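Trainee: mind folding the following:
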Amino acid sequence: MSHPNWKRVVIKVGSALISPNQQGCSSHYLLSIAQFIVRCRANGTQVVLVSSGSVAAGAHLFPEQEKTNIAVKKAMAAAGQTEMIATWDRLFDFPSAQMLLTHADLRDRERYVSIRETIFSLLDNNILPIVNENDTVTTDKLKVGDNDNLSAMVASAAEADALIICSDIDGLYDKNPHEFDDAKMLKSVETIDQSIYDMAGGAVKGGVGTGGMRTKIEAAEKAVSHGIDTYIINGFTELSFNMLLAGENPGTHFKPHAKPMQENVHWMRHTSNAQGEVIVEGDFDASLAGDAQQLTSSEIIDVKGEFSVGDTILVRKEDGTKLVKAKSNYSSCLLNFIANQENDDFAHEFEEKTGPIISDQHIANLEKE
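Mentor: Down below sits the predicted model:
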C-alpha cells in the first residue's frame, strides 16, 4: 500500500500515554506520536491533536486522600493542563494552540460553528490545535465525559479524513486479550452493530483514563457515519505510526459509510443533546425527515422537559420509538399551551402564522435505530 492520501487527520492520545505513572507528564511514549505528527505535516497532511492527560498530569501536586474530591479533581486538571500543553509544545518546532471545550460548546450550533472556524484558521496558519475537554469547568450535565467521543466530534467538526484513536492494545479483539489467550483481533469492521459493542466489555480497570474500548467504538460509530476512516491502534509502539505512514493498518480499521451524513444532520444526531421531548400518538407514521410540516400540535399528546426556541428536541411515539432529533421552533411552554387547546382551529391558525414546530434544516432521522 502507498502512503495514505489524507488531507486532514485527528489523533487522540489518552492519559496513560501522557502520564503513565501519574507523576506529571512524560515524553517517553509521546516522542513517536510527535514524530508521526511531524511526518504527516511534512507530507502535506493537516493534524489536529486531541489530548487527555491534564488530571493525570496534575495528580502528583495534590494529597492522595483528596484526589476523589470533585473540586480537587478540577484543580488537578487546571494544574496539569499547563504541563501537558508545555510537554507537547517542547516536542515540536512549530507553534501549537490550546483549545478547551465542553459539550455545551459543541451542542450549541453557533458555538460549534465557531469551533470549526477556529480549527480551520489554526490549520490554515500551520498551527497545531491541541484539544482537550475543559475539566476545570465541566459538570455532569455539560461534559462529554471521555476524549474518545470528543475526538470523534472534533474529527467531524474539522472535516477530517481519518481519526486515529490510540489505545493500550493493538486494536479491537473479539474478547479481552488481557484475560483470554485465544482472543483474536479484528483487522477491519464494516458495520458497527451490537455484536461489536459486546466485544468491548466495560471500562478499563485500574487505568488513569475515563474510557475503555466501548467509548472507542462509540467514537468510531460517530466518525464513520460522517465518512471518516477510523483506526484503533496501539499508541505505545512506534511501529503503529510507521505502518500508518506506509499506508498499512496496524490495528483495527473501521470503514466509513459509503454515503456519509451531511454535516448539519451529523451534528444534530451525534453531537447535539435533546433538551426535551415531544410525544406523538402511536399511529403517527409521517416521515418528518422528509417533511417537518407534518408534525402539528394536533399530533402531540405530551411535552416533556423545558426547552427554548432553537434547542434540540427528541420527537418520539408513546411506546418509546424515536422518530427524529430536531431543532425546535417553539419553546416547551408555548408548545404545551398550543397542544392543550381544545379548539383545533386556534392551533392551526397559530401554526399557519408562526411556522412549523420543528426546523426543516436541522432534522436527524432516528427511526432506524
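Trainee: buried sites along the lowest-mean-pLDDT helix or strand in the chain?
Mentor: In the chain, no helix or strand scores lower on mean pLDDT, DSSP states H and E than helix 344-354, which sits at a mean of 74. In terms of neighbour count (16 or more other Cβ atoms under 10 Å), helix 344-354 has its buried residues at 347, 350-351. In short, each C-beta sits where N, CA and C put it, glycine included.
Trainee: nearest to Gln23, out of those: which one, please.
Mentor: Comparing the buried residues of helix 344-354 against Gln23 with Cβ to Cβ places Glu351 closest, at 61.7 Å.
Trainee: with adjacent residues omitted, what lies nearest to that closest one?
Mentor: Thr296 (6.1 Å; Cβ to Cβ, 6 or more residues apart in numbering).
Trainee: next: Ala286.
Mentor: Per Cβ to Cβ, 6+ apart, closest to Ala286 is Gln294, 3.7 Å.
Trainee: correct me if wrong: that neighbour contacts Val315.
Mentor: No - judged on Cβ atoms under 8 Å, Gln294 makes no contact with Val315 at a distance of 10.8 Å.
Trainee: contacts for the longest helix seen in the chain?
Mentor: Longest helix in the chain, counting residues (DSSP state H): helix 70-90. Here helix 70-90 makes contact (Cβ atoms under 8 Å, 6 or more residues apart in numbering) with 18-19, 24-27, 30, 34, 49, 51, 53-59, 61-62, 66-67, 96, 98, 100, 130, 132, 135-137.
Trainee: if we use 6 Å, what do you get?
Mentor: Helix 70-90 has contacts (Cβ atoms under 6 Å, 6 or more residues apart in numbering) with 25, 53-55, 57-59, 61-62, 66, 96, 98, 130, 135-136.
Trainee: what about the residue nearest to Glu351, how many residues close to it?
Mentor: 17 (other Cβ atoms under 10 Å).
Trainee: ditto for the one 5 residues further on
Mentor: Applying the criterion other Cβ under 10 Å, we find 14 residues in the vicinity of Ile301.
Trainee: what's the host helix or strand of it in contact with?
Mentor: Assigning secondary structure by DSSP states H and E places Ile301 in strand 300-304. The contact list for strand 300-304, computed with Cβ under 6 Å, 6+ apart, reads 276-281, 332, 335-336, 339.
Trainee: redo those as a markdown table? Include distance to Asp319, pLDDT and neighbour count.
Mentor: Output for the contacts of strand 300-304, formatted as a markdown table (distance: Cβ to Cβ, whole Å; pLDDT from 0 to 100; neighbours: other Cβ atoms under 10 Å):
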| residue | distance to Asp319 | pLDDT | neighbour count |
| --- | --- | --- | --- |
| Gly276 | 19 | 93 | 18 |
| Glu277 | 13 | 93 | 16 |
| Val278 | 15 | 93 | 29 |
| Ile279 | 10 | 93 | 20 |
| Val280 | 11 | 90 | 22 |
| Glu281 | 11 | 85 | 12 |
| Ser332 | 22 | 93 | 21 |
| Leu335 | 21 | 90 | 20 |
| Asn336 | 22 | 88 | 16 |
| Ala339 | 19 | 81 | 20 |
